[in-house]
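Enquirer: Sequence first, predicted coordinates after that:
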Amino acid sequence: MSGRFDDSVAPGEIVLEHASRAFSVRADRGRSLKELLIGRRRAGGPPPVEALKDVSLRIEPGETVGMVGRNGAGKSSTLRVLSGIVPLNSGRVACGGQIVAQLELGAGFGRDFSGRENIFLNGALHGLVKEQIEARIEAIVEFSELGDFIDAPVATYSSGMFLRLGFAIAAHLDADVLLIDEVLAVGDEAFQRKCEARIAEQIAAGATLVLVSHDAALIERTCQRVVVLDGGRKIFDGPVGEGMHFYHRLMGTPEEEAASPPMPSEPPGERV
Amino acid sequence: MAYRYLFEQMVRRELRQKYKGSALGVLWYLVNPLVLMGAYYLMFGIIFKVAGPDQPEQYPLFLLIGLVVWIFFSQSLLSSAPSLLEHGALVRKARFPREAIPASVVTVQLVTFVVLLALLAPVTIAIRGSLDPALLVLPLVLACLFAFVLGLALAVSVLHAYFRDVAPILSAALLPWFFMSPIFFEPESITQRETARFVLEWVNPVAPFIGSVRDVVYGGAVPQAADLAYILVAATIALLGGIALFRRMQGELAVVV
């Protein structure tokens, strides 16, 4: 069914078929009852932004895909669609197995609760039960390097500690699909290396990775395949070397992209 | 049922979040209803003696039982209406059954309600003499009440996420609704007109719930079959309707909250 999230594919497999999604741009996101009764929304204001336009993408279990593009290209929207948080307007999205989306580290933390309490809540949000969380809590605490602070309220944490805990939890959820949005700039360099190593471990264990980042070196280190988005469309899909080359050219010469109308389907590795 | 543990965690968080760091902690959940009960008791039990039941010395109990049911109903709706917006950070960034949010709010109110009811039980024994076997029907009545309120809470929370007028309308409507509900009066003692009594007793869906809880706890009697049928049907319609509406509307929640 159009727009419905489908999790019946193999664990780690990702499918987007002719996926489109638009967002209305308004300051107040709710509708007032007056508008409901009149039956239409206030006229004026900017038209809806088409974040994804007819994007098709198939990612096999275990693939590592970097997603690049300028700001507003639709990268974060793609991740939100893949994680099942935002539905499509049309097309099909399927993503199998345990999906761990790191869109914003520590997004669901209760600030008045301790780090330990937040680990349980966050694990529960991913469908884990108490025993499963207890089994990995030591590893999470150790990874976060929070020490005794783990029993202090999260409100007392520095932003680095906050992010470290967020990453540590997400990194221990046995993901089949890892969706990571520009969150690896966590903590100091040593911790960043540790995060990368942890992601590499999860990939080695068979997880699929979709990584959104503006850090070209990071993409080249972590991903075998690159998808370039622009204006909500997929304009490149192929091996990382070629893809980053394409991306750098795109960013260097922005007028070029207007001249090439994108086509709906393409063999991997070719400019479309 | 992997998400049962999530629900447990959400309830725990809901329960402790609001008054965390305060000296009384979760006891604050009881303070407000108790103060309210005291105030209404003072007003309608002592100052104005409204048409109550036959024995005036038992009027406080009559009043308080109606009041705890109403407090559960109104507080559940008032606090679930903005609940999805209050948990916006979670709704926008994580995928989980969003029903857990309003359901946890109602569950916390249910805990408060049951504690208040348990506080009233000793008073019942003291004034009414004995615990009646009719109390065995109470779990069924409370289950219906919970399902009824949960269904409405699901509807109200998802509606408010899309239409921000819902919570203000609700809080405006609850005040006249309170005075029209048989909390400090019995419909038959304030009017002889059939239509007026019918409206007070049956058109207001909260009335049969108040009546049934009161029949059991205060009257020591099993509610009439018509009342039991009414609350069963009302609970079923509200719960199924609330779930259906929530499922239908929840798709865009991450975008609108």
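Expert: Great, that's in hand.

Enquirer: From one end of stretch A:163-179 to the other, what's the distance?
Expert: Using Cα to Cα, to the nearest Å, one end of stretch A:163-179 lies 16 Å from the other.

Enquirer: Give the buried residues for it.
Expert: Buried positions in stretch A:163-179, judged by neighbour count with 16 or more other Cβ atoms under 10 Å in any protein chain shown: A:163-173, A:175-179. Any C-beta I mention is one placed from the backbone N, CA and C, and that applies to glycine too.

Enquirer: Equivalent analysis for stretch A:191-202, please.
Expert: A:191, A:194-195, A:198-199, A:202.

Enquirer: so where's the chain shaky on pLDDT?
Expert: With no chain named, the answer covers chain A. Applying pLDDT under 70 to chain A flags the ranges A:1-4, A:26-45, A:185-186, A:253-272.

Enquirer: other chain: chain B
Expert: Judged by pLDDT under 70, chain B has its weakly predicted residues at B:1-2, B:49-57, B:129-130.

Enquirer: Show me what from it comes close to chain A.
Expert: B:2-6, B:8-10, B:13, B:16-17, B:20-21, B:89-90, B:92-96, B:161-166, B:169, B:251-252, B:254-257 (Cβ under 8 Å from any Cβ of the partner chain).

Enquirer: For residue A:177, grab phi and psi.
Expert: Here the main-chain torsion angles of residue A:177 (degrees, to the nearest 10) amount to phi -130, psi 130.

Enquirer: for it, what are its contacts?
Expert: For residue A:177, the contact set (Cβ atoms under 8 Å, 6 or more residues apart in numbering or on different chains) comprises A:11-12, A:14, A:82, A:95-100, A:207-208, A:210.

Enquirer: Now do the helices in the stretch 101-250 of chain A.
Expert: Using DSSP state H, counting those that start in this stretch, the helices found in the stretch 101-250 of chain A span residues A:115-125, A:130-144, A:159-170, A:189-204, A:216-222, A:240-252.

Enquirer: C-alpha coordinates for stretch A:12-22, CSV please?
Expert: In CSV, the C-alpha atoms belonging to stretch A:12-22 read as follows (Å, rounded to 0.1, in the frame of the first residue of the first chain):
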residue,chain,number,x,y,z
GLY,A,12,19.0,-5.5,6.9
GLU,A,13,17.3,-5.0,3.6
ILE,A,14,16.2,-1.6,2.5
VAL,A,15,13.8,-0.8,-0.4
LEU,A,16,12.5,2.5,-1.6
GLU,A,17,10.3,2.5,-4.7
HIS,A,18,9.3,5.7,-6.3
ALA,A,19,9.3,7.3,-2.9
SER,A,20,8.0,10.9,-2.7
ARG,A,21,7.4,13.0,0.4
ALA,A,22,6.5,16.7,0.7
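
Enquirer: sorry, back to before: list just the nearest of the buried residues of stretch A:191-202 to residue A:240.
Expert: Residue A:240 has its nearest neighbour among the buried residues of stretch A:191-202 in residue A:199, at 15.3 Å by Cβ to Cβ.

Enquirer: wait, the closest one sits on residue A:208?
Expert: No. Residue A:199 is not in contact with residue A:208 according to Cβ atoms under 8 Å; the separation is 11.6 Å.

Enquirer: Pull up the overlap in contacts between the two.
Expert: Common neighbours of residue A:199 and residue A:208 (Cβ under 8 Å, 6+ apart) are residue A:178.

Enquirer: end-to-end on stretch B:183-201?
Expert: Terminal-residue distance, stretch B:183-201 (Cα to Cα): 11 Å.

Enquirer: Please read the previous query as pertaining to stretch B:249-257.
Expert: Distance across stretch B:249-257, first residue to last, is 12 Å (Cα to Cα).

Enquirer: Look at stretch A:72-86 and report the distance between its end residues.
Expert: One end of stretch A:72-86 sits 16 Å from the other (Cα to Cα).

Enquirer: which outside residues touch it?
Expert: Stretch A:72-86 has contacts (Cβ under 8 Å, 6+ apart) with A:5, A:7, A:14, A:16, A:19, A:21, A:23, A:49, A:51-53, A:55, A:67-69, A:87-88, A:93, A:95, A:99, A:101, A:103, A:177, A:179, A:181, A:210, A:212, A:229-233, B:92-95, B:252, B:254-255.

Enquirer: Can I get the buried ones among those as something I can paste into ChimeraX?
Expert: Buried subset of those, written as a ChimeraX selection, criterion 16+ other Cβ under 10 Å:
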select /A:5,14,16,19,21,23,51,52,53,55,67,68,69,87,88,93,95,99,101,103,177,179,181,210,212,229,230,231,232,233 /B:92,93,94,95,254,255
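
Enquirer: hang on, isn't residue A:237 packed against residue A:59?
Expert: No. Counting by Cβ under 8 Å, residue A:237 does not reach residue A:59; the two are 10.0 Å apart.
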